[in-house]
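> sequence first, predicted coordinates after that:
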Amino acid sequence: AVAIPMSGKSIMVAWIRCIGGIVVLAALVLLMVAIFGDNDLGIAPAGKRPAAAAFVFFGLSCGLQYLLMTHGSLRRASHERAGELCSALGP
């Protein structure tokens, strides 16, 4: 087995993706509470403006998470990094 070292960028991108997923879930909960309210907590449904703001926040957070998951520079190794990984395999 060949040990492949993790780069700092890979670790940082993984943490940012994880935090982004949490933000998307929080935005979804915020949107649902803004639209439907929560009887258990005594929160009445919000008006149209707060619900629209929650919808925009949810859309932006989903868009950012999509970018974090699909952008080429965050998914593929650079030419230099690919060369480093190949050289770790040996001759």
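Received, thanks. Residues are numbered from 1 along each chain as shown.

> can you check which helix is longest in this protein?
In the chain, with assignment by DSSP state H, the single longest helix is helix 8-36.

> what packs against that one?
Applying 3 or more CB pairs under 8 Å, 6 or more residues apart in numbering; DSSP states H and E, we find helix 8-36 packed against helix 48-70. The C-beta positions use only the backbone N, C-alpha and C, and glycine is treated the same way.

> buried residues in the helix it packs on, which are they?
Ala51, Ala54, Phe57, Phe58, Ser61, Gln65, Leu68 (16 or more other CB atoms under 10 Å).

> what sits up against it?
For helix 48-70, the surrounding residues in contact (CB atoms under 8 Å, 6 or more residues apart in numbering) are 13, 16-17, 20-21, 23-24, 27-28, 30-31, 34-35, 45-46, 74.

> likewise stretch 12-30?
Ala54, Phe57, Phe58, Ser61, Cys62, Leu64, Gln65, Leu68, Met69, Leu74.

> now the fifth one: how far from Leu28?
Noted for Cys62: a distance of 9 Å to Leu28, by CB to CB, to the nearest Å.

> for the third one, same thing?
Summarising the geometry, the distance separating Phe58 from Leu28, computed by CB to CB, is 6 Å.

> now the fourth one
Remark: distance between Ser61 and Leu28 (CB to CB) = 9 Å.

> count of neighbours near the closest residue to Ser61 other than its chain neighbours?
Nearest non-adjacent residue to Ser61, counting by CB to CB, 6 or more residues apart in numbering: Ala27, 4.5 Å away. By other CB atoms under 10 Å, the residues close to Ala27 number 20.

> by mean pLDDT, flag the weakest helix or strand of the chain.
Using mean pLDDT, DSSP states H and E, helix 72-75 stands out as the lowest-scoring helix or strand of the chain, at a mean of 78.
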